[in-house]
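Asks: pasting the structure only:
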Ligand SMILES: [Fe+2]
């Protein structure tokens with residue numbers, strides 16, 4: 001018997017946006033980001049503007065946190081940032097995480113597999129830690145890897161804990177790559193639960 005303790009659970013699904021939503025997003029103003037390696041919308045609360053998109057994203061965020069992870073519905077999920085990304089040929093995003101946030105995600109508007117996958121990094125550097133990251137295995141799997149990349153397709157939504165480090169590989173094609181990124185945080189009552197650590201009994 002194998003018991004996988006403390007996994008990092010990432011959510012993937014897909015949905016369609018309306019033509020009107022696509023048209024609205026195509027008109028969003030973009031500027032070069034601080035690292036000069038991609039374009040990002042000047043407005044970083046886009047889902048406040050486009051409620052029809054927020055309703056669709058929220059459905060998946062709620063599925064992830066309440067049904068898949070088991071967070072109490074006593075907490076509400078609040079979108080506190082959403083921005084559009086455009087990666088031209090050669091553009092990429094360096095390794096980073098999203099601060100002051102619980103759940104982050106991305107929705108792929110226009111991508112294909114040569115335009116840069118999102119790559120996630122295990123902050124424990126794999127099962128055996130940073131001093132044993134380079135070992136030979138018969139084949140890579142979720143237990144023996146410390147990096148993972150996810151195939152991006154149009155209409156895919158990927159959700160992950162905001163603390164999880166990630167990057168985006170360079171766009172190798174002439175056509176721009178478009179994605180919508182967003183952050184959700186918690187709203188609710190936070191009691192002083194210093195002595196109440198969650199544990200799961202293993203039988
Ligand atoms: Fe990010």
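Replies: Yes, it's here. What you see is a predicted model; the values in this text were computed from it and never measured. Numbering: from 1, shown residues only.

Asks: for the nearest residue to residue 38 once chain neighbours are set aside, phi and psi?
Replies: Distances taken as CB to CB, 6 or more residues apart in numbering put residue 91 closest to residue 38, at 4.5 Å, once the chain neighbours are dropped. (C-beta placed from N, C-alpha, C; glycine too.) Note on residue 91: backbone dihedrals following degrees, to the nearest 10 are phi -70, psi 150.

Asks: what sits against residue 91?
Replies: Residues counted as contacts of residue 91 (CB atoms under 8 Å, 6 or more residues apart in numbering) are 37, 38, 39, 116, 170, 171, 177.

Asks: what separation do you get for it and residue 164?
Replies: According to CB to CB, to the nearest Å, residue 91 stands 22 Å off from residue 164.

Asks: again with residue 132
Replies: With CB to CB as the criterion, residue 132 and residue 164 are 21 Å apart.

Asks: go on, residue 181?
Replies: For residue 181, the distance to residue 164 - CB to CB - is 14 Å.

Asks: next one: residue 129
Replies: In this view, residue 129 and residue 164 are 17 Å apart by CB to CB.

Asks: and for residue 4?
Replies: 17 Å.

Asks: of residue 181 and residue 164, who's got more company?
Replies: Ranked by neighbour count (other CB atoms under 10 Å), residue 181 and residue 164 place residue 181 first, with 20 against 15.

Asks: what about stretch 135-148, how long is it end to end?
Replies: End-to-end distance of stretch 135-148 (CA to CA, to the nearest Å): 16 Å.

Asks: how far does that stretch sit from the chain's center?
Replies: Stretch 135-148 has its C-alpha centroid displaced from the chain centroid by 21 Å (CA atoms, centre = their mean, to the nearest Å).

Asks: got the contact list for residue 35?
Replies: residue 94.

Asks: and the strands in the protein?
Replies: With strands called from DSSP state E, the chain shows them at 11-14, 30-32, 39-41, 76-87, 93-96, 103-110, 118-121, 147-150, 156-161, 165-168, 177-187.

Asks: the fifth one pairs with which strands, parallel or anti?
Replies: Right, the one you point to is strand 93-96. strand 165-168 (antiparallel) (DSSP bridges).

Asks: same deal with the third one?
Replies: Strands flanking strand 39-41 in the sheet, each with its direction: strand 30-32 (antiparallel), strand 76-87 (antiparallel) (DSSP bridges).

Asks: and residue 197, how many neighbours does it have?
Replies: Neighbour tally, residue 197, other CB under 10 Å: 6.

Asks: cool, and residue 137?
Replies: 9.

Asks: name the nearest residue to it, sequence neighbours excluded.
Replies: residue 144 (4.8 Å).

Asks: quick one: that neighbour from residue 132, how far?
Replies: 10 Å.

Asks: again with residue 6
Replies: As for residue 6, its distance to residue 132 is 18 Å (criterion: CB to CB).

Asks: next one: residue 16
Replies: 44 Å.

Asks: ok, now residue 11?
Replies: Distance from residue 11 to residue 132, by CB to CB: 29 Å.
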